[in-house]
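> Structure for this input, please:
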Amino acid sequence: MLIKPGKLLATIHSPADLRKLSQEQLLAVCQELRQFIIDNVSIYGGHFGASLGVVELTVALHYIFNTPYDQLVWDVGHQAYGHKILTGRRDNFHTNRKYGGLSGFPKRKESEYDTFGVGHSSTSISAALGMAVASQYKNELDRQHIAVIGDGALTAGMAFEALNHAGVTNANLLVILNDNCMSIDPNVGALKEYLTDITTSRTYNKLRDDIWNILGKISKFGPNAQAIASKVESGIKATLLKQSNLFESLKFRYFGPIDGHDINHLVSVLHDLKDIPGPKLLHCLTVKGKGFALAEKDQTKWHAPGTFDKITGEIYKVHHDTPQPPKYQDVFGHTMVELAQQNSKIMGVTPAMPSGCSLNIMMAAMPDRAFDVGIAEQHAVTFSAGLATQGLIPFCNIYSTFMQRAYDQVIHDVALQNLNVVFCLDRAGFAGADGPTHHGCYDIAYMRCIPNMVVSSPMNESELRNLMFTASQPDMGPFSIRYPRGEGVMPEWRTPLKKIAVGTGRVIQEGEELAILTIGPVGNYAVEVCLNLQKENVKIGHFDMRFAKPLDEKLLHQIFQKYDKIVTVEDGCLQGGFGSAVLEFMADHNYHAQVKRLGIPDAIIEHGSQLELHRECGFDSTGIERTARNLLFQAVSVA
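Numbers count the residues shown, from 1 in each chain. Predicted coordinates:
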């Protein structure tokens, strides 16, 4: 079903078409664009509130700046739907986040208007600064560079590193701070309070417009403009802009805060900012979910609600007559509370994803023992290490893809000191429609090579609970537990907690000739394969190894002594992963077997449902069975 755009939006196939319109028509364009996003996301799903919150800003940016020559960088990209629609992808927007369709995030190979591929936060200022410095080097002095970053993304250290560098350059860089007090969950920390102080300062806001009239129109001062502006700025820094000294001290010219939903004022301000050289920061106040009342009221729920009725606001959910398995994240959240009630040393830590990882359950029950530290993965890990030095047992929950950002801290601050920090890696394996920026492909490989680190993955919810209980035991050292996005397989998942001997696997089924070795929930595919082949009186072995490090060497010796055909299966990269560990064991112990590894190949896998991507990579149940059959029934060559 194709959504019909409004009358004006239907005429816009590129920003060049937008710039043909009069400024008086922009309000109607914003209304039509917002409605088009609502219509599409309600039917096809996707991120919602963030893009609604920047409709006016998106229109104003493409109206004033000569994109794509002027380079626009969106941070993270949750908010880039309007950008995509205005830049030639309106008619394909219904394929957004679908297998083979448009990416849910800006992507360089998808459009020349997507100047930088994003998905992880807080990269926009660094990227835009690099582009600006490159333009200086190439003598493209008329080229503009704009980074749009949220107040949540601004909490990450990388954003401050970029601001620190940009302030001592004369780069033609405009940073737009999209301040809505939200990332996915409400923002936390001192920066949030600081921005609130700027926004609510009566002294500052009383004089803000007069200041803008002086600084925002420098060109009207004639030949002495720079000298006059410098004197005015000095006075402002000393008196009126005390609240904005954070940005001023980094040598940015600070403007705002302004209403990010006033399209006419935005156009006027951006037009004036084009004529001001050097690094500048425009502080825009917006409302996440603007224009859809329910999304404005409950911004976390409506970050990515799935499909819904755009009239009533009912979010569609599949109703079942029987109990369904919970999401792995919810098993983690409830088990954290259960463990913490039994053990006063247990603490919870997450970088800005309390609802995404379900640590919010513990935050509500035990607010003094669970911490959202903002978008700051490196800090989350070292903060956890600090807790561990004092005898506490922190469970640091970070999505697998975001843990990559804190790799140095995992090695230096946790592993080298052999501290008992439990890393719970949510969204391990394929993340689904979020695509390659969010896939958790590499954690088995990058954790397996770290000394002292335990690397584990549960096959089901009960095993997740048991691994968490095991990791909470005294003197365990660094311990990682990976699990996927989405639902598990056990409706009755609240099983008694049991300690697992570290480095031991499970025999799911003994067989003959061929063995399947799995790690993690993909082992449930192997169960299905074993049942299918058993119907043909072909019995194969299946072993849930549970640990990629340390390997269950006793069990592996038994397997290689009995089976000469082996298939390994993992929802992770093949290079250096679980299958590689099995091959290393085989070589080290001089075994000889046919080993076929199934997992994520050495390639960038695009977005789609998890099942679609498992199928594409050949480790869904059909792919595993096909591989097993090929090994079992391969033709014998005749000399």
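> Tell me how far Glu140 lies from Gly117.
22 Å (C-beta to C-beta, to the nearest Å). For the C-beta atoms, the positions are set from N, CA and C on the backbone; glycine is no exception.
> With neighbour numbers in mind, choose between these two.
Taking other C-beta atoms under 10 Å, Glu140 and Gly117 do not tie; Gly117 has more neighbours (18 against 13).
> pretty sure that one is touching Phe105, no?
Yes: applying C-beta atoms under 8 Å, one finds Gly117 in contact with Phe105, separated by 7.3 Å.
> Please enumerate the shared neighbours of these two.
Any residue near both Gly117 and Phe105 by C-beta atoms under 8 Å, 6 or more residues apart in numbering counts here, and that gives Thr437.
> residues in contact with Glu193?
By C-beta under 8 Å, 6+ apart, Glu193 lies in contact with nothing.
> where's it, which helix or strand?
helix 190-200 (DSSP states H and E).
> pLDDT weak spots in the stretch 101-250 of the chain?
By pLDDT under 70, the weakly predicted segments of the stretch 101-250 of the chain are 182-188, 198-245.
> rerun that using 90 as the cut-off
Along the stretch 101-250 of the chain, segments meeting pLDDT under 90 span 151-152, 155-156, 170, 180-249.
> mind listing the helices for it?
Under the criterion DSSP state H, counting those that start in this stretch, the stretch 101-250 of the chain contains helices at 124-137, 157-166, 190-200, 202-215, 225-235, 245-249.
> do the stretch 401-550 of the chain as well
Counting by DSSP H, counting those that start in this stretch, one finds helices in the stretch 401-550 of the chain at the ranges 407-409, 443-448, 461-471, 523-534.
> now, of the ones you listed, which is deepest in the fold?
Neighbour counts (mean count of other C-beta atoms under 10 Å) averaged over each of the helices of the stretch 401-550 of the chain peak at helix 443-448, with a mean of 25.
> Roughly how far does Thr382 sit from Leu359?
18 Å.
> quick one, which of these two is more surrounded?
A direct count of neighbours by other C-beta under 10 Å for Thr382 and Leu359 places Leu359 higher, at 27 against 20.
> Am I right that the more buried one is in contact with Ala370?
Yes: with contacts counted by C-beta under 8 Å, Leu359 reaches Ala370, the gap being 5.7 Å.
> Name all residues that make contact with Arg506.
Met459, Phe543, Asp544, Arg546.
> One more pass at 10 Å, please.
The contact partners of Arg506, by C-beta atoms under 10 Å, 6 or more residues apart in numbering, come to Met459, Glu463, Ile500, Gly523, His542, Phe543, Asp544, Met545, Arg546, Asp552, Leu555.
> domain assignment for this protein?
Per automatic domain parsing, the structural domains of the chain span 9-202+250-297, 328-482, 506-633.
> tell me the average confidence for the last one?
Going back to what we said before, that points to domain 506-633. Averaged across domain 506-633, pLDDT comes to 97.
> from the chain's centre, how far out does it sit?
Distance of domain 506-633 from the chain centroid (C-alpha atoms, centre = their mean, to the nearest Å) equals 29 Å.
> next one: the first one
Distance, stretch centre to chain centre, for domain 9-202+250-297: 18 Å (C-alpha atoms, centre = their mean).
> Including distance to Pro496, could the domains of the chain go into JSON lines?
Formatted as JSON lines, these follow (distance: least, C-beta to C-beta, whole Å):
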{"stretch": "domain 9-202+250-297", "distance to Pro496": "32"}
{"stretch": "domain 328-482", "distance to Pro496": "9"}
{"stretch": "domain 506-633", "distance to Pro496": "17"}
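> Which of those has the highest mean neighbour count?
domain 328-482 (a mean of 22).
> Show the end-to-end separation of it, please.
End-to-end distance for domain 328-482: 10 Å, by C-alpha to C-alpha, to the nearest Å.
> now it: how far from the chain's centre is it?
Taking C-alpha atoms, centre = their mean, one finds the center of domain 328-482 at 16 Å from the center of the full chain.
> same question for that domain, mean pLDDT?
For domain 328-482, the per-residue pLDDT averages 97.
> from here on, count from 638
Will do, 638 is the new start, and the previous item becomes domain 965-1119.
> that older thread, mind picking the two most distant members of the contacts of Arg1143?
Farthest-apart pair in the contacts of Arg1143 is Ile1137 and His1179; separation 18.2 Å (C-beta to C-beta).
> So for Leu996 and Ala1007, which residues contact both of them?
Taking C-beta under 10 Å, 6+ apart as the contact rule, Leu996 and Ala1007 both touch Gly970, Met973, Val974, Gly985, Val986, Thr987, Phe1032, Asn1034.
> Correct me if wrong, but His971 is in a helix.
Yes: under DSSP: H, G, I helix; E, B strand; the rest coil, His971 sits within a helix.
> Among the shared contacts of Leu996 and Ala1007, which are located in helices?
Those of these mapping onto helices are Gly970, Met973, Val974, per DSSP state H.
> could those residues go into CSV alongside distance to His1251?
Listed next are those as CSV, based on distance: C-beta to C-beta, whole Å:
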residue, distance to His1251
Gly970, 25
Met973, 28
Val974, 32
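> Return the member of the residues you listed nearest to Ala930.
Gly970 (28.8 Å).
> What residues does that closest one make contact with?
963-964, 985, 991-992, 994-1002, 1007, 1034.
> So which of the residues you listed is the closest to Leu646?
Set against Leu646, the nearest of those by C-beta to C-beta is Ser992 (32.7 Å).
> a strand runs through that closest one, doesn't it?
No: Ser992 is assigned helix when assessed by three-state DSSP, not a strand.
> That one is in contact with Trp939, isn't it?
No: judged on C-beta atoms under 10 Å, Ser992 makes no contact with Trp939 at a distance of 11.9 Å.
> Relative to the lengthiest strand in the chain, what are the paired strands and their orientations?
Counting residues, the longest strand found in the chain (DSSP state E) is strand 1202-1210. Strand 1202-1210 pairs in its sheet with strand 1151-1155 (parallel), strand 1231-1237 (parallel), by DSSP bridges.
> which element follows the last one toward the C-terminus?
When you say that, I think you mean strand 1231-1237. As assigned by DSSP H and E, the chain's next helix or strand after strand 1231-1237 is helix 1247-1254.
> For that following helix, enumerate the helices and strands it packs against.
On a contact count with 3 or more C-beta pairs under 10 Å, 6 or more residues apart in numbering; DSSP states H and E, helix 1247-1254 meets strand 1202-1210, strand 1231-1237, helix 1258-1270.
> and the angle for the longest one with helix 1160-1171?
I take that to be helix 1258-1270. On the basis of axes from the mean of the first three to the mean of the last three C-alpha atoms, to 10 degrees, helix 1258-1270 is oriented at 50 degrees to helix 1160-1171.
> and helix 1258-1270, what other elements does it pack with?
strand 1151-1155, helix 1160-1171, strand 1202-1210, strand 1231-1237, helix 1247-1254.
> Lys947 is nearest to which of these?
Closest among the helices and strands packed on helix 1258-1270, using C-beta to C-beta: helix 1247-1254, at 26.7 Å.
> how far off strand 1231-1237 does that closest one point, in degrees?
Calculated by the same axes, to 10 degrees, helix 1247-1254 forms an angle of 140 degrees with strand 1231-1237.
> contact partners of helix 1247-1254?
Here helix 1247-1254 has contacts from 735-737, 1066-1070, 1072, 1076, 1121-1123, 1158-1159, 1162, 1206, 1208, 1211, 1235-1238, 1240, 1242-1246, 1256-1261, using C-beta under 10 Å, 6+ apart.
> and the longest helix belonging to the chain, what's its mean pLDDT?
Using DSSP H to define each element, the chain has its longest helix at helix 663-681. Helix 663-681 comes out with an average pLDDT of 96.
> Which among the domains of the chain is found nearest to Lys954?
Here domain 646-839+887-934 is closest among the domains of the chain (C-beta to C-beta), at 12.3 Å.
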